[in-house]
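Undergrad: Let's see this in three dimensions:
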Amino acid sequence: MRGLLVAARSWWQHPAFGRSAREMASVSPGLAAWGLMTGVAMVKSGMSPFEAVAMSLLVFAGSSQLAAMPLIAAGAPVWVILSTSFCVNLRFVVFSAHMRPYLMHLPLRWRLFHGYLTADLSYVLFTRHYHHPPANVDERREQLAYLSGGSLLNWVSWQSASMVGIALANVIPTRWGLGFAGILALLGVGCSLASSHLRRVSAGVAGMAAVVAYALPLKLNIVVAIASAVALCLIIEETWPKTPRLPT
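TA: I've put the predicted structure just below:
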């Protein structure tokens, strides 16, 4: 336990921790608004306050929560709920694979800790600053401090706003449309990640497929969108000439 506290103290006392927190603070209001409306939506979909709090703390994935809530309210089969949530969160598999060289030197407990806290924006901000894994102890400390600062502020902003939404669900009307701020925040994340031709094709195909299949029940248009984008991009990777103009 003492070792955990010493390691954590070395991160939050590092200048990179404060720098990351300040950068995250500039975008956290949009995520907080989205968290607020997610809290409201959980209660209004039929969840008890206890269930909503547990989902917010344990799942900590707004898009997955919003995708699962109408399915839960409609009494959808468990496999449909789990499959939809899994598909919505597939991007974290990519994030995890990319972050592996940065974190594999840590004990398992710390890898689990960062895996739980790291979200879309904290990942984007981190990878913008650090293009390569750490080469020495000082770089490791700096990178972990930066990742911890942004991730912790993101977590606090989301959870505090979500708890307010859960507590005031019967007071805050959903017509306020505060969730639109969260959509804008995610749109910014998506545009930041669309850094190659293949990624832009994937995003465009997924968006079009989701619209075309919108009438499907149980939010299955999300599954169709992901499957269509992945299938087409796999075909492109196999058939497109291997040139620098189409990075993979």
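
Undergrad: make it CA atoms for all contacts and neighbour counts henceforth
TA: Noted.

Undergrad: How about residues contacting stretch 125-133?
TA: Identification of contacts with stretch 125-133 by C-alpha atoms under 8 Å, 6 or more residues apart in numbering yields Pro101, Tyr102, Gln143, Tyr146, Leu147.

Undergrad: Quick check: the gap between Leu153 and Leu117.
TA: 10 Å (C-alpha to C-alpha, to the nearest Å).

Undergrad: what's the answer for Thr84, then?
TA: Taken as C-alpha to C-alpha, the span from Thr84 to Leu117 is 21 Å.

Undergrad: Same question for the helix or strand that contains Ala21: list its buried residues.
TA: Take DSSP states H and E as the rule and Ala21 turns out to sit in helix 15-25. Using 16 or more other C-alpha atoms under 10 Å as the burial criterion, the residues of helix 15-25 that qualify are Ala16, Phe17, Gly18, Ser20, Ala21, Met24.

Undergrad: thought Ile166 was touching Ser45?
TA: No - judged on C-alpha atoms under 8 Å, Ile166 makes no contact with Ser45 at a distance of 11.3 Å.

Undergrad: Greatest separation within the buried residues of helix 15-25: which pair is it?
TA: Maximum pairwise distance among these (C-alpha to C-alpha): 12.2 Å, between Ala16 and Met24.

Undergrad: helices or strands up against the longest helix seen in the chain?
TA: Scanning the chain for the helix with the most residues, using DSSP state H, yields helix 137-167. When contacts are defined as 3 or more C-alpha pairs under 8 Å, 6 or more residues apart in numbering; DSSP states H and E, helix 137-167 packs onto helix 2-12, helix 15-25, helix 28-44, helix 49-59, helix 108-117, helix 120-129.

Undergrad: Any idea how many residues pack against Ser64?
TA: 18 (other C-alpha atoms under 10 Å).

Undergrad: where's it relative to Leu71, distance?
TA: 11 Å.

Undergrad: re the thing from before, can you lay out the helices and strands packed on helix 137-167 as TSV showing mean pLDDT?
TA: Below are these laid out as TSV (pLDDT from 0 to 100):
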stretch	mean pLDDT
helix 2-12	58
helix 15-25	91
helix 28-44	83
helix 49-59	92
helix 108-117	91
helix 120-129	89
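
Undergrad: Nothing else from me, thank you.
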